[in-house]
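Visitor: predicted coordinates and the sequence they were generated for:
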Amino acid sequence: MRCSLIIALVAIFSCLSIAHSTDDGKEQGFSQEHLAELQRKWDTDFAFSGVSTFAHLPHVRCLSSPETAYDIAIIGAPFDTAVSYRPGARFGPRAIRAASSRQSTLRGFNTRAGVNPYNSWATILDCGDIPITPFDNALALHQMTSAYLELGTRPPPSTSTSLSPSSPYLQSSRLITLGGDHSIALPALRALSTKYSQPISVVHFDAHLDTWHPAKYPSAWLNESDPSTQSFFTHGTMFWMAANEGLIAAGSSVHAGLRCRLTDGDGETGDHADDTAAGWVRIATDDIDELGYAGIAQKIVEQVGMENPVYLSIDIDTIDPGLAPGTGTPEPGGWTTRELVRILRGIEGLNVVGADVVEVAPSYDGVGEQTAQAAAQIVFEVLSSMVKRGIAEQKKGGRASGAKDEL
Ligand SMILES: [Mn+2]
């Protein structure tokens, strides 16, 4: 018995030893030259090859790999059971990833921003998707909140070195979520307000308010005989819930791109009154005709300020459905993709601590995947802004160690 136990232990340790040495090709007899040659020839992808991650970024299941550190993580939230009209945004993350395939380190320089976000100081990973139940929205909300807390509070790589950056911006990791319906913004804000111990300014691009009281939806069954408030959590009410929970910084949060119909007029008792009471400022889609894209960007920056922590939440339905039809609640008469991109460039200096691109529902998209491509472009612009602000913070004296280039 004892002898066989020893043999078994020896066998286990032998296996561990082999597994370890396989990680290090040198011990297996592979020369450094050979390994370098393999890397040079094969460790690359064309736009159309490879397993689909955002922009061919390395994929790690970060939620179950607590040792994984990053400055910026792409995370999918494939959730769409809180929608009021067309479902399908659970397939948004995979569609956006596929549409991002022409983005890579190799040709990633953003001429509008003057930066290549994939070849900079930042470690950027695709952390895969949050596994979210489609059967129970209370559990789904709990799962998403837990995931955002786990991923959003993880220290970036540079903070574990002796040359830890002095800039608070560089000391913090940040997430960009691929939605998913818009309700995913509630768990994101819960996590961010916990992380920063304060309400978060929200810059919300959307055709819709999303601050609707739950009773603004058919709610006759919501009475004392049915005390459940589960139906409160929807993709049109999550900012109402967030405001009630004190998660949103009143007076420094903005909607932009609005053109939705309202429940009961624009007066003191209407949807806008509820919205104003929660501290929001509204910029309509049509304001671009008077203000131009630069004027809209300026109005957002003036409202939010450059230092407040900002959650940037971008509903793809901000863009006209002629250009981005693959979405849950399309509203004709929106901005062009170029106009939205230029507005995003105009607000690039904000202190964005988290972001999402939501409501991409590929089953309604065109054969050219134009909606998913617009979403991938928007993620690229947001990434560029996050990296560009990091470069500015480094120049102010908070330089992170291990920076790959000066740009
Ligand atoms: Mn919307």
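Guide: Noted; the coordinates are in hand.

Visitor: next, the buried residues of whichever helix in the chain runs longest.
Guide: In the chain, with assignment by DSSP state H, the single longest helix is helix 370-393. Using 16 or more other CB atoms under 10 Å as the test for burial, helix 370-393 gives 370-391, 393. Bear in mind the C-beta positions are built from the backbone N, C-alpha and C, glycine included.

Visitor: repeat for stretch 65-73
Guide: By neighbour count on 16+ other CB under 10 Å, the buried set for stretch 65-73 is Thr68, Ala69, Tyr70, Asp71, Ile72, Ala73.

Visitor: cool, and stretch 281-299?
Guide: Val281, Arg282, Ile283, Ala284, Thr285, Asp287, Ile288, Tyr293, Ile296, Ala297, Lys299.

Visitor: ok, now stretch 312-322?
Guide: By neighbour count with 16+ other CB under 10 Å, stretch 312-322 contains the buried residues Leu312, Ser313, Ile314, Asp315, Ile316, Asp317, Thr318, Ile319, Asp320, Pro321.

Visitor: just give the nearest non-adjacent residue to the fourth one, would you?
Guide: Leaving out its chain neighbours, the residue that sits closest to Asp315 by CB to CB, 6 or more residues apart in numbering is Asp206, at 4.0 Å.

Visitor: looking at the buried residues of stretch 281-299, spot the one nearest the ion.
Guide: Thr285 (11.8 Å; CB to the ion).

Visitor: show me the contacts for that closest one.
Guide: Residues counted as contacts of Thr285 (CB atoms under 8 Å, 6 or more residues apart in numbering) are Ala207, Gly257, Leu258, Arg259, Thr318, Gly333, Gly334, Trp335.

Visitor: ok, so what distance separates Pro168 from the ion?
Guide: 32 Å (CB to the ion, to the nearest Å).

Visitor: tell me how far the ends of stretch 306-321 are from each other?
Guide: 31 Å (CA to CA, to the nearest Å).

Visitor: again, but for stretch 333-340
Guide: In stretch 333-340, first residue to last residue: 13 Å (CA to CA).

Visitor: got the residues of this structure near the ion?
Guide: Listed as neighbours of the ion in the chain under the rule CB under 5 Å from the ion: Asp206, His208, Asp315, Asp317.

Visitor: show me those residues that map onto strands.
Guide: Asp315 (DSSP state E).

Visitor: got any ranges where the stretch 151-300 of the chain has weak pLDDT?
Guide: Within the stretch 151-300 of the chain, the stretches with pLDDT under 70 are 162-164, 223-227.

Visitor: list the residues that contact Asp271.
Guide: By CB under 8 Å, 6+ apart, Asp271 lies in contact with Leu209, Thr211, Trp212, Lys216, Leu262, Thr263, Asp264.

Visitor: adding neighbour count and secondary structure, write those out as JSON lines.
Guide: Compiled in JSON lines, the contacts of Asp271 are given as follows (neighbours: other CB atoms under 10 Å; DSSP: H, G, I helix; E, B strand; the rest coil):
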{"residue": "Leu209", "neighbour count": "24", "secondary structure": "coil"}
{"residue": "Thr211", "neighbour count": "28", "secondary structure": "coil"}
{"residue": "Trp212", "neighbour count": "22", "secondary structure": "coil"}
{"residue": "Lys216", "neighbour count": "17", "secondary structure": "helix"}
{"residue": "Leu262", "neighbour count": "15", "secondary structure": "coil"}
{"residue": "Thr263", "neighbour count": "15", "secondary structure": "coil"}
{"residue": "Asp264", "neighbour count": "10", "secondary structure": "coil"}
